[in-house]
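> here is a sequence with its predicted model. Questions after.
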Protein chains: 2
Amino acid sequence: MRGVVMYAPGDVRVEEREDARIIEQTDAVIRVTAACICGSDLWPYRGVEALNGPTPMGHEYIGIVEQVGAEVRDIKVGDYVVGSFVASDNTCEICQAGYQSRCIHNVMMGSVGTQAQLARIPLADGTLVATPGTPDADLVPSLLAASDVLGTGWFAAVAAEAGPGRTIAVVGDGAVGLSAVLAAKQLGAERIIVFSRHPERQALAREFGATDIIEQRGDAGAAKVKELTGGYGAHGVVEAVGTEESMWQAINSARPGGYVGYVGVTHGVQLDGLNLFFTGVHLHGGPAPVRRFLPELIQLIWDRAIDPGKVFDLTLPLEEAAEGYKAMDERRATKVLLTL
Amino acid sequence: MRGVVMYAPGDVRVEEREDARIIEQTDAVIRVTAACICGSDLWPYRGVEALNGPTPMGHEYIGIVEQVGAEVRDIKVGDYVVGSFVASDNTCEICQAGYQSRCIHNVMMGSVGTQAQLARIPLADGTLVATPGTPDADLVPSLLAASDVLGTGWFAAVAAEAGPGRTIAVVGDGAVGLSAVLAAKQLGAERIIVFSRHPERQALAREFGATDIIEQRGDAGAAKVKELTGGYGAHGVVEAVGTEESMWQAINSARPGGYVGYVGVTHGVQLDGLNLFFTGVHLHGGPAPVRRFLPELIQLIWDRAIDPGKVFDLTLPLEEAAEGYKAMDERRATKVLLTL
């Protein structure tokens, strides 16, 4: 099968890889119909995260089930499926509490590499959710978004306690941040403040439900949120970047007792305990338990109630994945969809 | 009036201070009937926190109202009152959401110094809660505990989401940690695991509701919690120490998606963001909004449903405060009550 492999920072190739196959009897193999490039794929691309030799890439996917192991009960060959970027049994106490991304048997899909024609999905019954049927072509980007960025933004908005009467601020105008805006709107937030300096992203943020845009960053940005909220700060804040500056921008934008949902994969962040202590915020985040939200998100997409696929602003065939990485690295694209 | 003043690390004196008096018309002046020494008073005593010259000490208090400002409406002269260690208006949005310790007009009572015969209480109507009457002598320690350690432990247990069916671990066997055990029990926790190496504190922890005691610390301690909970970790953890080791002990004792309520005033803690990210815990803490819980706690004490005053294991007259500091510093006492 053809698949994306990263050899070194900036060196992404599409090449022949061994076909995905059933290893455990709880596995499925899917024919990937669409995959994408994640903001977190840029960390190794930029040399911020080390690579251990050539690495198959990708952890977001939708596709059609080609094969299932003997112990797979619910997922059938031919099902059109969406899965999360973490495989989970969906039966352990952690999964049952809604934290499937930290399932006691979790498998990070990054270790599989889903930017490929075929992908092995561990724990298929717990991981995959079948759509009601074969989706219309226009739904494919949105279903793919559900697999990671939408599910992640949704989790962040839930962690930020977005809801009626609430003011929610969003740090990060990438695909996850924009998805969090959409989620906050769906969850009923009254006011949604987005930090952004990019006209196109500002426009999509407004389309998704943003009511206010702030161009300042850091302490100045947080001060602006306080100014817009009677001196109190936002009820909840989504952090979707992962740097120390963005973390404090988020924390300091929240009011005391407010909620910060952080989903940017943190890099080089050391949180000063005493400063955090006196903010009095609720801090919750980590790898989003996308599986928790998939049934609801798939239905919203199927009903055309939401259109999260708009975060994709560049579509390329798998063979041109290298150009996709380059476009995201150079910020020419927010989010790249790879067709197969 | 007589009052406690700290001159330097290890140098605590009881001396004449200017009588407390009304400054703002929202103030009250109370005749303190009991005060105490807080674990956080030991930070400057041990030289960990700097002093700016001679400093009046104390932020916990109960007493009888002697005088009220012209704008005080609800609190009356003669009321027997309990207040929190943070004065609050109890009307701003932050207070109304239950975060009175971060009231937009908050005044830290440490700046007043309540280890004294008289104390000025700013924002009296928002800060003080009157008891149903003059308490019997045996209720005085418990009412005093409500002013800080019980309210703090209670908040931590609430932040740790203690409740029916839950396993709660408590890091810290000082007065706050022990109060959190009592709180977790009252809130219905099924299993309460306490980290402690002190036989007397272990005994009081069991009396307050602890079901398991762990003597290991750090990673070994956290591993023991996982072992006791089917490999998952506790549903919620209280952190009542404030060091980097204790923070990670607490975080790592919680299951993914679990709740960590931290109330130890953090000192020298730098939380690694990436490690925190992958734990997936909810982290919430800070200066406890004791005022939120005071009416309920006073009633529980008045009804003799709880006896949190047992955390005091040394009672001294105010004039012997220096010996009280010494006893707590040398761990001869868990918590010292000062009589007036």
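Everything's here; your move. Please read these numbers as outputs of a predicted model, since none were measured by experiment.

> and the residue nearest the centre of chain A, how far is that from A:V181?
Geometric centre of chain A, nearest residue: A:V149, 2.5 Å, by Cα atoms, centre = their mean. Plainly put, A:V149 is 12 Å away from A:V181 if you go by Cβ to Cβ, to the nearest Å. C-beta: built from backbone N, CA, C; applies to glycine.

> where do the contact lists of these two overlap?
Listed contacts common to A:V149 and A:V181 are nil; contacts here mean Cβ atoms under 8 Å, 6 or more residues apart in numbering or on different chains.

> how does chain A divide up, domain by domain?
Following automatic domain parsing, chain A resolves into domains at A:2-149+A:289-339, A:153-285.

> can you check which of these gets nearest to B:P317?
domain A:153-285 (33.5 Å; Cβ to Cβ).

> any idea of the mean pLDDT for the closest one?
Throughout domain A:153-285, pLDDT has a mean value of 97.

> beta partners of A:A169?
In this entry, A:A169 is beta-bridged to A:I193, A:V237, by DSSP bridges.

> just checking, it touches A:V225?
Yes - using Cβ atoms under 8 Å, A:A169 is in contact with A:V225, at 5.2 Å.

> between the two, which contacts overlap?
Among the neighbours of A:A169, those also in contact with A:V225 (Cβ under 8 Å, 6+ apart) are A:193, A:234, A:237, A:253.

> returning to what we had before: give the full set of residues in contact with the residue nearest to the centre of chain A.
With contact taken as Cβ under 8 Å, 6+ apart, A:V149 is in contact with A:38, A:60, A:175-176, A:179, A:308, A:311, A:335.

> which helix or strand contains A:E200?
helix A:199-208 (DSSP states H and E).

> buried residues in that helix?
By neighbour count on 16 or more other Cβ atoms under 10 Å in any protein chain shown, the buried set for helix A:199-208 is A:201-202, A:204-206, A:208.

> so which of A:A169 and A:V225 has more stuff around it?
A:A169 (32 against 26; other Cβ atoms under 10 Å in any protein chain shown).

> distance of that one from A:L204?
For A:A169, the distance to A:L204 equals 17 Å [Cβ to Cβ].

> swap in A:V181?
Using Cβ to Cβ, we find A:V181 at a distance of 8 Å from A:L204.

> same question for A:V170.
In this structure, A:V170 and A:L204 are 12 Å apart, going by Cβ to Cβ.

> what of A:I213?
Distance from A:I213 to A:L204, by Cβ to Cβ: 11 Å.

> I am assuming A:T114 contacts A:A35, so please confirm or correct that.
Yes - A:T114 lies in contact with A:A35 (Cβ under 8 Å); the separation is 5.3 Å.

> quickly list what's touching both of those two.
Contact criterion Cβ under 8 Å, 6+ apart; residues shared by A:T114 and A:A35: A:58, A:60-61.

> which of those residues sits closest to B:A160?
Ranked by distance to B:A160 (Cβ to Cβ), those are led by A:E60 at 34.2 Å.

> for that closest one, give me phi and psi.
Main-chain dihedrals, A:E60, degrees, to the nearest 10: phi -110, psi 140.

> contacting residues around it?
Contact partners of A:E60, counting by Cβ under 8 Å, 6+ apart, are A:35-36, A:38, A:85, A:109, A:114, A:144, A:147-149.

> for A:A234, same thing?
Residues counted as contacts of A:A234 (Cβ under 8 Å, 6+ apart) are A:167-169, A:193, A:225, A:253-255, A:258.

> kindly report the same for A:V290.
A:V290 sits next to A:84-86, A:100-101, A:146-148, A:151-152, A:154-155 when contact means Cβ under 8 Å, 6+ apart.

> of those, which belong to helices?
In this view, the contacts of A:V290 that belong to helices under DSSP state H are A:146, A:151-152, A:154-155.

> quick check: which of these are also close to chain B?
The subset of the ones in helices among the contacts of A:V290 within reach of chain B, by Cβ under 8 Å from any Cβ of the partner chain, is empty.

> need the residues you listed in a markdown table (columns: neighbour count).
A markdown table is the format used below for the ones in helices among the contacts of A:V290 (neighbours: other Cβ atoms under 10 Å in any protein chain shown):
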| residue | neighbour count |
| --- | --- |
| A:A146 | 30 |
| A:G151 | 30 |
| A:T152 | 34 |
| A:W154 | 32 |
| A:F155 | 29 |
